[in-house]
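1. sequence-free structure coming up:
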């Protein structure tokens, strides 16, 4: 963006508090660009920018800012400005902002809203957190199905100004119940005298106000809609959800999923904004759970202390064996957890998945096992670290790796399915179970094969 | 969806090949619902469904199907039907379908397109794979900035039918260069006699036809647009991209990211559609790389063979120590890789991140270290598995865990930054480096502390 070049000049004007020149300079800037500029300014300087940009720019720029910046900026602005911004904001963005405030701040700001906007805000805040109700906006165009195309177009041209989107028009009956939706483009394409009811095809998708927001993301990504109506369970039209909010939400959900897979609780904030105590609180619990469950490996190992004492060489391969199982387990669980989340597989497919993973795990295990055997054979040509029984040791490692990889693939794929069946979120809860199961049983597999193959020689 | 209830009846009608009744039944179904129905049918039955639904339904339902189903279905349909579907499809969806075909099939289908559509298809296929050019559609409304609002509305009402979206109208100069974009709603809200040029604010965002599609996802998720214009480097308007394609793409990219973090190459297809040889090809390379690099742990361990020989008890904790480092490393790397992808942090922040992770790692390490020490102390009350020097062993484990977790957090956070600096994709390439570094150095840390603390007693 060429505006990047203008930034130094803008910084100078801000430093000089030259409002007129600044106003002239920023007139053409997009809200997004203004928000990026604000990120490099302190709250006082941000307030200066908000003083010179116009009302619409101010509201939209405010919507683009991070929550923390929004709060700090509001402290700096005159209350008349705060009032304008809050009342101008779209209801869904305002709800997203208000729901993060503490009670005291929330009450202070609610008082600044007009009676009408306050009613809207309070009603949206009344829906459960993460519900579709919080996400919807009541600013849409709804028309009666008995109207003609001309009536609708005239209505939109007169009253459409406050609508969040004009892309889709909602058709309701006299009692406010949703009948259908129709794209503005399709209305325009029809002749003036045609009645709306004759344009309807009854093919609409709607969302329930009490559903989880994930349902909305799912519905949007499966259909080609830019907006969807929201109703109560009786079919009364309450609001709409637009796709731009969904794109944002999908990104946040994916971040959560990725963080969960990395055994971190969802941060809910950018990495740099999380304070140290918060960071510990998000990371310590899973690390402790994993650590405590990994202690079973110590218990398992203590059963084989005697074997290690006799053949210390066995200890050398413990990290290799354990990590092979862990890696194959995390491959399988990543694929299955994602496929479950996308709805590509369902719990009923477990047997087909199991068969696939047995075959896959076996083949992968053979590949790694052969590499392991080859490594030990090659080393033995040049050193005698493995002693005269190097071939038996190589065989033990090869067979164990194969078994551990097979076991890791099967456990990694079945554990998410089992956990989901039991009602847990597989993304959150799989990691410690898989790690423990695969590591502990991996050790057992290893030392069992060792006992079998090395009996009479090393053991 | 209540249509779920109608499915058994529909299956019966399909089995009975009762076309009239089936046509009546399916008339009200959405393309999405028809596509879901098709998933449960064989290609022959699907063809029957496509025979009874109308032309628009057929085209949209076809667009919803998986690529493999699309190919199989086309084999079953009459070529006149294939022709209608392909010519009706939106250019971007058609390109997405055609680019997956082998050369022979592609040529056969291209011949079925009208001359105009073939030109469009070939030009879109000419852009690099994964570029914005492949994603755009040339079906949009562009008007001259000298026109009046009334002229534009009349133009849309007469010629808007084939446009992919009417939500946004593009304003061009006489040579076809993009001047601005404006939402249809905003045009409607203006008076008939106003000139378009007086409505423009010069605030538009456009994409470059040669840019990577990730750029488009990024641009959409940062702005509140439902469609964006695509130009060449000179500013000539070539097409538009609509947000519904972006939502789909964002989902695919996130799946790729998640799979990469699980050390799998991106599957590019649903889990169940991947054949066994493909599955091995996607999973074996990373597993082999990880296995070979983990072999360094065996080398590292061989330096401590003597210590293990003297104090076998040390071997018991190897999996615990190694996995603690791995877990803290994967927490840190997951957070940093995601934050890099979202643009929350940049490479310049490395020193701030390092300081954060040193503090976080130290605190997490102390927490786990204390738990480790407590575990050994408690066990020693009831068994004498750790012998008379249990307190020294506990100290060794506690201090080592602390060091390993600190080291894991720092390495896990710095490695993605370093790899990105060197020009690699941190999501793909971090895992083996982090695993090897953390595991090998974890063992060295462990045995060094053991030598220090246990010298003169066990060692």
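-> Good, I have the coordinates. All figures in this text were calculated on a predicted structure; none of them were measured in a lab.

2. residue A:126 - how many residues pack around it?
-> When neighbours are defined as other Cβ atoms under 10 Å in any protein chain shown, residue A:126 has 10 of them. Every C-beta, even on glycine, is put in place using the N, C-alpha and C of the backbone.

3. dihedrals phi and psi, it?
-> phi -70, psi -20 (degrees, to the nearest 10).

4. now do the residue lying closest to it once chain neighbours are set aside: how many residues are near it, please.
-> Leaving aside its sequence neighbours, residue A:126 sits nearest to residue A:133 (Cβ to Cβ, 6 or more residues apart in numbering or on different chains; 7.6 Å). Neighbours of residue A:133 under the rule other Cβ under 10 Å: 25.

5. repeat for residue A:55
-> By other Cβ under 10 Å, the residues close to residue A:55 number 11.

6. ditto for residue A:125
-> 16.

7. quick check, it in contact with residue A:133.
-> No. Look at residue A:125 against residue A:133 with Cβ atoms under 8 Å: they stay out of range, at 9.2 Å.

8. re the thing from before, check which helix or strand the residue nearest to residue A:126 maps to.
-> helix A:132-135 (DSSP states H and E).

9. for that helix, enumerate the helices and strands it packs against.
-> helix A:91-98, helix A:115-125, helix A:213-222, strand A:237-242 (3 or more Cβ pairs under 8 Å, 6 or more residues apart in numbering or on different chains; DSSP states H and E).

10. for whichever strand or helix holds residue A:22, which positions count as buried?
-> Following DSSP H and E, one finds residue A:22 within helix A:19-26. Across helix A:19-26, burial judged by 16 or more other Cβ atoms under 10 Å in any protein chain shown covers A:22, A:25, A:26.

11. which one of those sits closest to chain B?
-> Closest approach to chain B among the buried residues of helix A:19-26 (Cβ to the nearest Cβ): residue A:26, at 11.6 Å.

12. just the pLDDT for the closest residue to chain B within the stretch 301-450 of chain A.
-> Nearest residue of the stretch 301-450 of chain A to chain B: residue A:334, at 2.6 Å (Cβ to the nearest Cβ). At residue A:334, the pLDDT value in this model is 88.

13. that one contacts residue B:261, doesn't it?
-> Yes. If you go by Cβ under 8 Å, residue A:334 and residue B:261 touch, sitting 7.1 Å apart.

14. list the residues that contact both of the two?
-> Any residue near both residue A:334 and residue B:261 by Cβ atoms under 8 Å, 6 or more residues apart in numbering or on different chains counts here, and that gives residue A:261.

15. helices along the stretch 351-459 of chain A, start to end?
-> A:390-421, A:426-454 (DSSP state H, counting those that start in this stretch).

16. dump the ones you listed to JSON lines, plus mean pLDDT.
-> Output for those, formatted as JSON lines (pLDDT from 0 to 100):
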{"stretch": "helix A:390-421", "mean pLDDT": "93"}
{"stretch": "helix A:426-454", "mean pLDDT": "86"}
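
17. need the winner for burial among the ones you listed.
-> Neighbour counts (mean count of other Cβ atoms under 10 Å in any protein chain shown) averaged over each of the helices of the stretch 351-459 of chain A peak at helix A:390-421, with a mean of 24.

18. so who does the residue nearest to residue A:177 when sequence neighbours are not counted touch?
-> Among residues not flanking residue A:177 along the chain, residue A:235 sits closest, at 4.9 Å (Cβ to Cβ, 6+ apart). For residue A:235, the contact set (Cβ under 8 Å, 6+ apart) comprises A:177, A:178, A:206.

19. filter these down to the buried ones, PyMOL style.
-> Typed into PyMOL, the line below selects the buried ones among these, using 16+ other Cβ under 10 Å:
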select buried, chain A and resi 178+206
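
20. chain B: which of the contacts of residue A:235 is nearest?
-> Out of these, the member with the shortest distance to chain B (by Cβ to the nearest Cβ) is residue A:206, at 10.8 Å.

21. surely the closest one and residue A:225 touch.
-> No. Residue A:206 is beyond contact range of residue A:225, at 10.3 Å (criterion: Cβ under 8 Å).

22. how about the strands in the stretch 101-250 of chain A?
-> A:142-144, A:168-172, A:178-183, A:207-208, A:227-231, A:237-242 (DSSP state E, counting those that start in this stretch).

23. which other residues reach the shortest one?
-> Counting contacts by Cβ under 8 Å, 6+ apart, the residues outside strand A:207-208 that touch it are A:132, A:215, A:216, A:219, A:228, A:229, A:230, A:231, A:232, A:233, A:241.

24. same thing but at 10 Å, please
-> For strand A:207-208, contacts defined as Cβ atoms under 10 Å, 6 or more residues apart in numbering or on different chains pick out A:131-133, A:135-136, A:213, A:215-216, A:219-220, A:228-233, A:235, A:238-241.

25. drop anything exposed from the residues you listed.
-> Buried members of the contacts of strand A:207-208, counted by 16+ other Cβ under 10 Å: A:131-133, A:135-136, A:213, A:216, A:219-220, A:228-231, A:235, A:238-241.

26. tell me the contacts of residue A:233?
-> A:208, A:209, A:210.

27. and it, how far from chain B?
-> 14 Å (Cβ to the nearest Cβ, to the nearest Å).

28. per-residue pLDDT, that residue?
-> 86.

29. from residue A:132, how far off is it?
-> 12 Å (Cβ to Cβ, to the nearest Å).

30. circling back: the residue of the stretch 301-450 of chain A closest to chain B and residue B:265 touch, don't they?
-> No. Using Cβ atoms under 10 Å, residue A:334 is not in contact with residue B:265, being 11.7 Å away.
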